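Engineer: need a 3D model of the sequence below.
(one chain, ligands or ions: 2)
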Amino acid sequence: MTSIVRYSRAAIRFHWSTAVLVVVVGTLGLLHDSWPKATQSFWINIHALCGLALWVLLMARFWWRTRQAPPPLPPEAGELSRALARPVHLLMYALLFVIPVLGIVTFIWHGRVFDFGLFKVDFGVQKNRAIFAPTEDVHGYLAYALFTVAGLHALAALWHQFVRRDRMLSRMWPAGR
Ligand code: HEM
Ligand code: HEM
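Structural biologist: Ligands and ions are numbered 1, 2, ... in the order given. The predicted model follows:
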């Protein structure tokens, strides 16, 4: 069996921190209506700060990705995987870029203030339902789209690894380097 070429250590770290942050931020987002009124602003602020961290991480990854191309797919990878990998990865990057932008607009035009603990950032914007209601809806729909695509992507990785046995997941797996 030929040896596989893995993603770089930095790309693997980025991938798994992104995945964990998407689960944390997504779960906090889904729960936003369930918090008691008294703590709702607190949790929406936590959701926003973790979402911002995810966005900054994504920008760093974009910058790095333009300098370092991903390793070539293993020779065992089929035609469909070769055709789908790039557009699906690009779609996830696009969603990860746009969702926080809409989140930021929703947050600010809801009249909310970013509370970083040591300091606050207040844009002094008046609450404006005509702006925040549609951006909140689209932010939510795109987040559901991301959960669906990322879920299918994770299932595909598991199928490759354990059914097709073409070691696709090993390329991105942190252990055994
Ligand atoms: C990829 C990152 C993010 C994901 C996956 C995500 C996901 C979600 C989800 C699922 C909801 C609930 C939508 C609904 O129930 O219709 C939500 C709501 C919301 N998100 Fe995000 N979000 C992200 C980033 C951000 C960022 C960076 C901000 C702001 C800086 C933000 C601000 C908000 C706000 C303000 C709401 C509405 C809560 C409210 O005011 O009632 N999100 N988000
Ligand atoms: C929210 C969760 C996730 C997101 C947003 C995500 C996103 C991505 C992106 C954007 C890439 C392309 C990396 C690049 O070329 O720059 C990628 C690659 C990859 N992901 Fe994920 N991922 C997630 C979860 C998972 C999970 C849970 C698994 C495994 C069960 C997984 C397995 C892989 C593998 C194996 C690759 C490399 C594919 C290849 O060899 O070309 N991902 N992921």
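Engineer: spatially, what comes nearest to F107 if we skip its sequence neighbours?
Structural biologist: Of all residues not flanking F107 in the chain, A48 sits nearest, at 5.2 Å (C-beta to C-beta, 6 or more residues apart in numbering). (Each C-beta comes from the backbone N, C-alpha and C, glycine too.)
Engineer: correction: the previous question concerned L52.
Structural biologist: P100 is the one closest to L52 (C-beta to C-beta, 6+ apart), at 6.8 Å.
Engineer: element containing A85?
Structural biologist: Applying DSSP states H and E as the criterion places A85 in helix 79-109.
Engineer: if we can go back for a sec, and the residue nearest to F107, its phi and psi?
Structural biologist: phi -70, psi -40 (degrees, to the nearest 10).
Engineer: is it true that I108 touches V125?
Structural biologist: Yes. Contact criterion C-beta atoms under 8 Å: I108 and V125 qualify, at 5.2 Å.
Engineer: out of those two, which sits in the busier spot?
Structural biologist: Between I108 and V125, counting by other C-beta atoms under 10 Å, I108 is the more crowded of the two (22 against 16).
Engineer: contacts only, for that one.
Structural biologist: Shown in contact with I108 (C-beta atoms under 8 Å, 6 or more residues apart in numbering): F123, V125.
Engineer: what are the phi and psi values at D115?
Structural biologist: Phi and psi for D115, reported as degrees, to the nearest 10, are phi -110, psi 100.
Engineer: my read: it touches I44, true?
Structural biologist: No. Counting by C-beta under 8 Å, D115 does not reach I44; the two are 10.3 Å apart.
Engineer: of those two, who's got more company?
Structural biologist: I44 (20 against 16).
Engineer: which helix or strand contains that one?
Structural biologist: helix 37-67.
Engineer: which helices and strands does that helix pack with?
Structural biologist: Judged by 3 or more C-beta pairs under 8 Å, 6 or more residues apart in numbering; DSSP states H and E, the packing partners of helix 37-67 are helix 9-30, helix 79-109, strand 114-115.
Engineer: nearest to T135, of these?
Structural biologist: Nearest to T135 among the helices and strands packed on helix 37-67 is helix 79-109 (4.6 Å), distances taken as C-beta to C-beta.
Engineer: could you confirm whether that closest one reaches ligand 2?
Structural biologist: Yes. Applying C-beta under 6 Å from any ligand atom, one finds helix 79-109 in contact with ligand 2 at A85, H89, M92, Y93.
Engineer: below-threshold pLDDT in this structure: ranges please.
Structural biologist: Along the chain, segments meeting pLDDT under 70 span 1-2, 176-177.
Engineer: near ligand 1, which residues of it are found?
Structural biologist: Residues of the chain lying near ligand 1 (C-beta under 6 Å from any ligand atom): 22, 25-26, 29-30, 32, 44, 47-48, 51-52, 54-55, 96, 99-100, 103-104, 106-107, 110, 136, 139-140, 143, 146.
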